[in-house]
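Q: With the sequence up front, the predicted model follows.
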Amino acid sequence: MAAVLFASASAFAQETFKVRVDQPAHGKVTVTPAVPESGEVPAGTVLNVKVEVTDPGWVFDSGYELAIRGGMFYPTNVEFMEPEFQVVVDHDIMSMGASIMESARLEGYRTIQDVVYAQPGVKPLKYDVFIPDGARNLPCIIIIHGGGWSSNTEDIMRGLARELIKGGKYVVASIDYRWLNNGDGDAEPNKMSQLIEDCYGAILHIQEHATEYGADPARLAVTGDSAGGHLSASMITMVERIGDGGFGVKPGVYEYRPTYMPAGMSIAEARECLKAIKAAAPSYGVFDVETLRRFAADYPEEGQQAIAPDCNIPSVSVRAVPQYFVLGTLDRTVGREPMEAYVEHLKAAGQKAELVIVDGASHAFFDWKPDQRTKDTFAKYGVPYAKDMLRFFNEVFYQ
């Protein structure tokens, strides 16, 4: 293996950076201009990367760049979803290459990628739709990705989406949202309340176009992992907070106005439409105000409670919000006790709630990234527990 240089404070003053090209099984990666045998490439060079699939029965999944960030190895937050892409050499790169997968994974459905539903800041907000062949009036599962509310995109959940459409019983949409603070490049820092509004806006856009996707706008479910677990739980519990009074603009008023609203729709109509969310599967998320209050530190207690699903559980006599949870025994990011407490609070309100403990699993096992380790983890834990998640959703929609 080629030597890897760790980035330092003066790394960006370097004249060259170390680059390596991985050649995937069943495919070929060509880089222009060619990377020399030494791997040393002048800073600022634009590398044109082309991926070719060489063997029958295999297809392009995504391109990637694995980079050093602060002395640690991380994939870049945005993968390349087309087989031709560019990489600018402006930091030490461990490797670049592509993920090639079995073509059978693409059978039985079609995908609509990068549907833009709003652009409240620098970043266009978008979602992907996975549509089973012959889909008509199917329930729709909406996935919200994780990443600490400040990284990743909807692409990271495509593995889960592919599992949830198996059997052809659901249309699946995977959505993106703004990142907290200034991660998107916005001049004004984004707040947690705005991320919640983005997710509601995406759902309204999906409902508006549901017929085009073969989905039933009146039968929706949400799921998500980690930060997306929190956001998916927020979607199903906080519908009564949808309004146009603003979030903390007036004393004691903490309401969510969806980032996208269909033309002519009133806020009251939007609130009624979003009651179509009939079930949620918030995977290894955080739901309690104690954990979440630091993301609303500039708000009083009432405002901090407004972003916490645990503080917004409706009685089952008002609205049913059945929820399914998974948590790995080796998860060091999310605590078991707060999750168990949230489940008990749901049950105390008369709601259906189920927590499944996954022996041997760590955090983020529903993620799909192009590196083999992540894909192996998904195969070991993500695939079987996506199947169990479908069992839960089927109990709601196909009883």
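A: Structure received.
Q: From Thr54, how far out is Asp310?
A: Relative to Thr54, Asp310 is positioned 51 Å away (Cβ to Cβ, to the nearest Å). C-beta: built from backbone N, CA, C; applies to glycine.
Q: neighbour-wise, which of the two wins?
A: Asp310 (20 against 11; other Cβ atoms under 10 Å).
Q: looking at this, the more buried one is in a helix?
A: Yes. Remark: Asp310 belongs to a helix, assigned using DSSP: H, G, I helix; E, B strand; the rest coil.
Q: doesn't Asp288 make contact with it?
A: Yes. With contact defined as Cβ atoms under 8 Å, Asp310 and Asp288 form a contacting pair (4.8 Å).
Q: domains of the protein?
A: Structural domains assigned to the chain are 11-100, 108-397, following automatic domain parsing.
Q: what sits in contact with each of Asp310 and Asp288?
A: Ala341, Tyr342 (Cβ atoms under 8 Å, 6 or more residues apart in numbering).
Q: so after the worst-scoring helix or strand of the chain on mean pLDDT, what's the next helix or strand?
A: One helix or strand of the chain scores below all others by mean pLDDT, DSSP states H and E: strand 72-75, with a mean of 45. The first helix or strand that comes after strand 72-75 along the chain, using DSSP states H and E, is strand 84-88.
Q: Quick check: which helices or strands does that next one pack against?
A: Here strand 84-88 touches strand 46-53, going by 3 or more Cβ pairs under 8 Å, 6 or more residues apart in numbering; DSSP states H and E.
Q: Quick check: can you name the pairing partners of the strand it packs on and their directions?
A: Counting by DSSP bridges, the strands paired with strand 46-53 are strand 27-32 (antiparallel), strand 84-88 (antiparallel).
Q: Going by mean pLDDT, which of the ones you listed comes out lowest?
A: When these are compared on average pLDDT, strand 84-88 comes out lowest at a mean of 93.
Q: buried ones in it?
A: For strand 84-88, the neighbour count (16 or more other Cβ atoms under 10 Å) marks Phe85, Val87 as buried.
Q: Now stretch 392-399: buried residues?
A: Those would be Phe392, Phe393, Val396, Phe397, for stretch 392-399 by 16+ other Cβ under 10 Å.
Q: Need the max-distance pair from the residues you listed.
A: Greatest spatial distance among these (Cβ to Cβ): Phe392 and Phe397, at 10.0 Å.
Q: Could I get the average pLDDT for stretch 285-300?
A: Averaging pLDDT along stretch 285-300 yields 93.
Q: Let me fix that, I meant to ask about stretch 132-147.
A: Confidence for stretch 132-147, expressed as mean pLDDT, is 97.
Q: now do stretch 376-384
A: The pLDDT scores in stretch 376-384 average 97.
Q: what does that stretch contact?
A: Residues outside stretch 376-384 that contact it (Cβ under 8 Å, 6+ apart): Gly159, Leu160, Glu163, Gly328, Val358, Gly360, Ala361, Ser362, Phe365, Phe366, Asp367, Trp368.
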